[in-house]
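1. based on what follows, work out the 3D shape:
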Amino acid sequence: MSAPGDPPFLERRSYRRRRLSDAARALPIFGTVLFMLPVLWAAGPGGTTARSGLYLFGCWFVLIVIAAALSRPLTRIAEAARDDKDDAR
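-> As a prediction, the model looks like this:
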């Protein structure tokens, strides 16, 4: 049995896979929060439709780039796990 102060050992590949999948799951929540900010701006005196529209398209673009950046490593990890599973048979 390990001592209570010892941190649990996590394999690097499984730890990274879990953190990437957590980030992919949190991305829609993050996007929803970003898309709701123009609603708060509308209450203020400086909010314009053009500014809000540009902000929304900018956020949309950034979310697409982040999703693409997260999907590549997740795909590689899933393929490696599938290959390991096939090798075990």
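2. moving C-terminal of whatever helix or strand Ala26 lives in, what's the next helix or strand?
-> For Ala26, the enclosing helix or strand under DSSP states H and E is helix 12-42. Using DSSP H and E, the helix or strand that follows helix 12-42 in sequence is helix 49-88.
3. now for that following helix, which elements pack on it?
-> Here helix 49-88 touches helix 12-42, going by 3 or more CB pairs under 8 Å, 6 or more residues apart in numbering; DSSP states H and E. All C-beta atoms are positioned from the backbone trio N, CA, C, and that covers glycine.
4. distance from the helix holding Ala26 to the middle of the chain?
-> How far helix 12-42 lies from its chain's middle: 5 Å, per CA atoms, centre = their mean, to the nearest Å.
5. what comes up buried for it?
-> Arg17, Leu20, Gly31, Leu34, Pro38 (16 or more other CB atoms under 10 Å).
6. ditto for stretch 63-79
-> Leu63, Ile77.
7. dump it to CSV, restricted to CA.
-> Provided in CSV are the C-alpha atoms of stretch 63-79 (Å, rounded to 0.1, in the frame of the first residue of the first chain):
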residue,chain,number,x,y,z
LEU,A,63,-13.8,28.0,-31.5
ILE,A,64,-13.4,26.3,-34.8
VAL,A,65,-9.6,26.6,-34.6
ILE,A,66,-9.5,25.3,-31.1
ALA,A,67,-11.8,22.4,-32.0
ALA,A,68,-9.5,21.5,-34.9
ALA,A,69,-6.5,21.7,-32.7
LEU,A,70,-8.0,19.4,-30.1
SER,A,71,-9.3,16.9,-32.7
ARG,A,72,-6.0,16.0,-34.2
PRO,A,73,-4.3,14.7,-31.0
LEU,A,74,-7.6,13.0,-29.9
THR,A,75,-7.8,11.2,-33.3
ARG,A,76,-4.2,10.1,-33.0
ILE,A,77,-4.8,8.8,-29.4
ALA,A,78,-7.9,7.0,-30.5
GLU,A,79,-6.2,5.3,-33.4
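8. thank you kindly, that will do.
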